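Asker: let me see the structure of the following:
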Amino acid sequence: MRRDTTILPEGIHLGITPTCWTNDDFPLIGNDIPMEQCLSEIALAGFAGCSIGHNFTTDVDALTAAMHLRGLSVSEPWVSTYFTVPDGAERTARDLLKVLEFLKDFNAGDPPVKTTTIGVAEFGHSIHLQSLSLRSNRPEFTDEQWADLCKGLNKIGEIVASQGFTLAYHPHMGTGVQTEEDADRLMRDTDSRHVSLLLDTGHLTWAGADVRGIVERHRERIAHVHLKNIRSSVRADRTLAAGSFREYVEAGIFTVPGDVEGDVDFDALLKNLRPGESYRGWLVVEAEQDPRGGQPPLYHAQTAHSYLSEALA
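Answerer: Numbering: from 1, shown residues only. The predicted structure follows:
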């Protein structure tokens, strides 16, 4: 297995999500690709870690062995929150407990990089898994729902912090927190000690946000970064004007840094983020795409790693 020799800024780790291989939101996309292939190609491309894919083994010992064999760490586990719907707080608490137990076991195995961040997003009232138009059906929270969300995030953020981890919120298309204004409100109304920001360049760009402006305003609260590219040609496709999230994904809305078809200015964004100085942590490549179309996942992973290695040198 290839071992990466890229010299990165201090405190920076390069990761990639398994969604380049098999989609977590829509599991039938790429579901024929086994965990072993995904992990091997992640390591072969030179990455230090990844998030946990839906088709990864749930046996912690087996997963730890498979990842350690390839020199990989967990970049961030995920918890979907449901604070804006009835009984959602109870479900969120149960899911969070499972993740904390997993992290205790996984980190005890002494991975190359210990996991410190847990990613979350509010999926109460979300429409991104439904066959509904993103444009016409975007959920908008009431003031009461915003209050419930922020109160809930503060509570679990305090629990997570007490266990030595950081809670990082991920704005996401098709949810009640997707725009620049939403991200600003969430940061304003949550406790900075317990709730941080997971900066996803793709979702925020797609929602029309000034990502560099968000970095400037919330620099001290950015705990994790997803580097996701956007194909503006797909976003502007009139045949997708009333498209669902899945239809956009299958059409190729997302791609990786370094793809010439992508429109996110990562050179400027990385300069603004200042990896190794203002920001330390994971830079995680993410591109939810259909591996059956175009180039294979390994090609995209290698493209992203090559670009980032040069950009961060």
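
Asker: please report how far the nearest residue to Glu122 once chain neighbours are set aside lies from Gly157.
Answerer: Nearest residue to Glu122, sequence neighbours excluded (Cβ to Cβ, 6 or more residues apart in numbering): Thr81, at 5.0 Å. Any C-beta I mention is one placed from the backbone N, CA and C, and that applies to glycine too. Using Cβ to Cβ, to the nearest Å, Thr81 is found at 11 Å from Gly157.

Asker: strands of the stretch 201-313 of the chain, start to end?
Answerer: 222-227, 229-230, 254-255, 281-285 (DSSP state E, counting those that start in this stretch).

Asker: so what strands line up beside the last one?
Answerer: Sheet pairing here is set by DSSP bridges, and for strand 281-285 it gives strand 12-16 (parallel), strand 222-227 (parallel).

Asker: determine how far the longest one lies from the middle of the whole chain.
Answerer: Centroid separation between strand 222-227 and its chain, computed with Cα atoms, centre = their mean, to the nearest Å, is 8 Å.

Asker: shaky segments in the protein?
Answerer: For the chain, the stretches with pLDDT under 70 are 1-5.

Asker: quick revisit: tell me which of the strands of the stretch 201-313 of the chain sits most buried.
Answerer: Of all those, strand 281-285 has the most neighbours on average by mean count of other Cβ atoms under 10 Å, namely a mean of 26.

Asker: quick one: closest of the strands paired with strand 281-285 to Leu298.
Answerer: Nearest to Leu298, of all the strands paired with strand 281-285, is strand 12-16, at 10.7 Å by Cβ to Cβ.

Asker: nearest the geometric middle of this protein, what residue?
Answerer: Residue closest to the mean C-alpha point of the chain, counted by Cα atoms, centre = their mean, is His226 at 5.0 Å.

Asker: please name the bridge partners of that residue.
Answerer: Where His226 sits in a bridge, its partners, by DSSP bridges, are Asp200, Val284.

Asker: so who does it touch?
Answerer: Each residue near His226 by Cβ atoms under 8 Å, 6 or more residues apart in numbering is listed here: Thr17, His170, Leu198, Leu199, Asp200, Thr201, Gly202, His203, Val284, Val285, Glu286.
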